[in-house]
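S.K.: Structure here, sequence nowhere to be found:
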């Protein structure tokens, strides 16, 4: 387990999160998601959530050149933090996002993810069929 004080390295001399963090969009999104894993006593993580939320909302509102795939991830993260989501339900969303990212995706991994998702659906359908008899 990592102590919340690690996040203090992202702060400037005045105790505010560094404005340069907003330049690394993936890092900012990761900081925002990670901050939700704190405990109520971790004030620095509460500050990180507020900082991340405000910067991510501003980026979504202002940046029309933002990659649409990344914009979708940010929008989804702002609606529901990652730790509150059901992993299997999120798989469907991320399969679609991963598939759209043609320049960075691996076809074998994509195909495996789709097969895994569909296999699990078939198992659930079979269980529902058995229960409903």
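M.R.: That came through fine. Since the structure is predicted, the reported quantities are computational estimates derived from the model, not experimental observations.

S.K.: Show me which helix runs longest in the protein.
M.R.: Ranked by residue count, the top helix of the chain under DSSP state H comes out as helix 107-132.

S.K.: Could you check how far the lowest-mean-pLDDT helix or strand in the chain is from the centre of its chain?
M.R.: Across the helices and strands of the chain, the lowest-confidence element by mean pLDDT, DSSP states H and E is helix 87-100, at a mean of 83. Averaging C-alpha positions (C-alpha atoms, centre = their mean, to the nearest Å) puts helix 87-100 11 Å from its chain's average.

S.K.: what comes up buried for that helix?
M.R.: Neighbour counts over helix 87-100 (16 or more other C-beta atoms under 10 Å) mark 91, 97, 98 as buried. Where you see a C-beta, it was placed from the backbone N, CA and C, and this is true even at glycine.

S.K.: Then stretch 32-42?
M.R.: Buried residues in stretch 32-42 (16+ other C-beta under 10 Å): 32, 34, 35, 36, 38, 42.

S.K.: now those in CSV, with secondary structure, distance to residue 127 and pLDDT?
M.R.: CSV is the format used below for those (DSSP: H, G, I helix; E, B strand; the rest coil; distance: C-beta to C-beta, whole Å; pLDDT from 0 to 100):
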residue, secondary structure, distance to residue 127, pLDDT
32, helix, 36, 90
34, helix, 35, 86
35, helix, 37, 86
36, coil, 32, 86
38, coil, 37, 78
42, coil, 40, 80
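
S.K.: Quick check: of those, which lies closest to residue 59?
M.R.: Among the buried residues of stretch 32-42, residue 32 lies closest to residue 59 (C-beta to C-beta), at 11.2 Å.

S.K.: Show residues contacting the host helix or strand of residue 31.
M.R.: Using DSSP states H and E, residue 31 falls within helix 25-35. Here helix 25-35 makes contact (C-beta atoms under 8 Å, 6 or more residues apart in numbering) with 7, 10, 21-22, 45-46, 48-49, 51-53, 55-56, 59, 66, 70, 73-74, 77, 81-83.
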